[in-house]
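Enquirer: Sequence and predicted structure, then a few things I'm wondering about:
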Amino acid sequence: MKYKVPNVKFKVRELGEWVTKTSDDFFKGKRVVVFGLPGAFTPTCSSKQLPGFENKYNEFKERGIDEIYCMSVNDSFVMNAWAEKEHIVNCKMIPDGSGEFSRLMGMLVCKDDKGFGQRSWRYAMVVNDGVIEALFEEPGKCDNLTSDPYGESSPESMLKYLTN
């Protein structure tokens, strides 16, 4: 059975103004890749996952993906600053500042051991017109996991799925 993505509101800063966007704004009428990660400016997120999706953007477009979204439990200021620092132009940032989307996806975990508080587990998914077509979750999801698994939610894993 396929499930719809959670219907939430996101507070986004665009051109210096606050804008409220909904899940429909991001997912309705599009086939997209979403990757969720623990935090902006963190090692694996900044060195592998975000640049990996950015660098393979055209390969995703060739396989019928309309947009690639990076989602993290960070506010819009942080997400925008991270995208600017990393020179991200293709991947769109979704700030899940309150963690509501991540919580409703069942992907919110506690990372108090690192001083992060509540954060997203690392995952990626293909969403087709608001419906989750495929979900790739890193193994071992639990609170305060000391390791940082990465592979299932990589751009290479997603491209493999989209090629089959």
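Expert: Done, it's in.
Enquirer: drop to CA atoms for contacts and neighbour counts, all remaining ones
Expert: Fine.
Enquirer: quick one, what contacts Arg31?
Expert: 64-67, 126-129 (CA atoms under 8 Å, 6 or more residues apart in numbering).
Enquirer: Could you find the closest non-adjacent residue to it?
Expert: Asn128 (4.2 Å; CA to CA, 6 or more residues apart in numbering).
Enquirer: what does the helix or strand harbouring Cys70 rub up against?
Expert: According to DSSP states H and E, Cys70 maps onto strand 67-72. Here strand 67-72 makes contact (CA under 8 Å, 6+ apart) with 30-40, 50, 53, 57, 61, 79, 90-97, 119-120.
Enquirer: For that strand, the averaged confidence score.
Expert: Mean pLDDT, computed over strand 67-72, is 98.
Enquirer: Tell me the buried residues in it?
Expert: 67-72 (16 or more other CA atoms under 10 Å).
Enquirer: From the residues you listed, pick the one nearest Pro6.
Expert: Checking the buried residues of strand 67-72 against Pro6 with CA to CA, the nearest one is Met71 at 13.4 Å.
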